[in-house]
Every structure is written in C-alpha cells, then in structure tokens.
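Asker: show me how the following folds:
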Amino acid sequence: MKFSYLIFVMILVLAGSVFCCQRAFGSDVLKYEDDQGHLILVDSPAKIPARYRNRVESVPSGKEAEELNVELTKIVLKGGSAADLNGFFIKYLFLNRWTAILVSLFILAFLLPVIFRNSLSRMSIFVSLLFLFLIFHLVVFVPKLQERVYRFSGIVRHKSGVSLPVETGIRHKVLAYRIHSEALPLIPLNIYAQVLELRKLQSEFQVQK
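Answerer: Now for the predicted structure:
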C-alpha cells in the first residue's frame, strides 16, 4: 500500500507542476505584419493581437528546427515524393521519447499490478498509473504533438524545393496554426482529426530537386 501512496503523490506533484506552469511551444519565433506594414517578431501566440492572427507565420529556430531542416533537405535532394515527406511527417510526430513514455505508462498500468497479491493494491496501482497516463497524454504529449506539427509545417513552407498548390498551401498553413494554437481539450480527438487532415493535404506536396 505504501507503494500505491507513493505513486499517488507522484501524480499529484506532476499534475500540480504542469497546471501551475504556462504552456510553452519551444523556441520558434512568430512573425506578422501590422496594418502599417511593419514586420513584428514575437515568441508566443499570446502576444499577437487577435486581428493579426490570420497573417501569422512561424520562423523555425533552435536545434530541433535545424535538425528537421537537414532531414527535409536530404529528402528533397534524394528526389523524394509526397509519400516520402508524409511518411517522415508521421515518424517525426510519433517516433520520439514522448511517445515511448506514453506507451510505457500504458503498458505498466496493466503489467505492474500483476506483481501485487492484494486485489485492492492491484486496483490502486492500476488506477494510479492509468491516471498518470491520461495526465501525461493531456498536458505533455498533446502539446508536444502540436508543437511538432507547427514546426514541421513552418519549415516546409520555407523550404526551397517543397511546395503546395496555392489553395492547398493556404489550407495547410491555417490548419497547422489552428492545431498549434488550440486550447487543450479534455479529449483531444479534434487535434488528431486535424493531423489526419494535414496528412491528406500533404499528399499534394510538390517536391522539386
């Protein structure tokens, strides 16, 4: 039972630290033009007036953006297709440490209770780990997913040799920003649905070597 209490305390500490901190989206810089045509750079969507949010673009920066830029360049230089870019998009979103942690928590929720003989201990461990899984999914995994979608879309838009038809490109930009700026819902099914829609749009990528 002491172990189950320890798990519960860890959950409370994690949840408290996350909800007490502001949500951050990495080091990407956002740019927009005001009504006078002045270029303005900010580091947070919250700093952009509502009337300018339909004209925002990201300026990907930081180590992760540089690494992503290198990988996309390799795909372009190899003459990759839209399918190659789309496949890399899914790998970039989901094959990372955040997904590994999420899957590990889910597996532990079912395997760890087996070592306890007391049924009450089993149930408390299962519920605690499942709750930890849900908290991690909502407050860590989904924001990281949104951040990666936005960074990938921003670099693709600035990448020479990768383009979209005009109407599709506009839709791609708007959808990526919507995913990035959307408030965290209790059940983020709409974010996953929008990621699937982005995948469909990326089937119209035009890759020029």
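
Asker: how about low-confidence regions in this structure?
Answerer: Along the chain, the model assigns pLDDT under 70 to residues 1-28, 58-61, 185-186, 209.

Asker: tell me the centre residue of it?
Answerer: For the chain, Leu145 is the residue whose C-alpha lies nearest the centre (Cα atoms, centre = their mean; 1.4 Å).

Asker: burial measure for the closest residue to Pro45 other than its chain neighbours, as a count.
Answerer: Distance criterion Cβ to Cβ, 6 or more residues apart in numbering; nearest residue to Pro45, sequence neighbours excluded, is Ser181 at 5.0 Å. Just so you know, the C-beta spots here come from the backbone N, C-alpha and C atoms, and that holds for glycine as well. Neighbourhood size, Ser181 [other Cβ atoms under 10 Å]: 16.

Asker: how far away is Ser181 from Lys63?
Answerer: 23 Å (Cβ to Cβ, to the nearest Å).

Asker: distance of the residue nearest to the centre of the chain relative to Lys91?
Answerer: For Leu145, the distance to Lys91 equals 13 Å [Cβ to Cβ].

Asker: returning to what we had before: so the residue nearest to the centre of the chain sits in a strand?
Answerer: No. Under DSSP: H, G, I helix; E, B strand; the rest coil, Leu145 falls outside any strand and is assigned helix.

Asker: verify the contact between it and Leu184 for me.
Answerer: No. Applying Cβ atoms under 8 Å, one finds Leu145 not in contact with Leu184, separated by 10.9 Å.

Asker: where do the strands sit along the chain?
Answerer: With DSSP state E, the ranges of strands along the chain come out as 29-33, 39-42, 57-59, 162-163, 206-207.

Asker: turn those strands into TSV, including distance to Ile135 and mean neighbour count.
Answerer: As requested, the strands of the chain are exported to TSV (distance: least, Cβ to Cβ, whole Å; neighbours: other Cβ atoms under 10 Å):
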stretch	distance to Ile135	mean neighbour count
strand 29-33	28	17
strand 39-42	30	11
strand 57-59	28	17
strand 162-163	37	18
strand 206-207	40	16
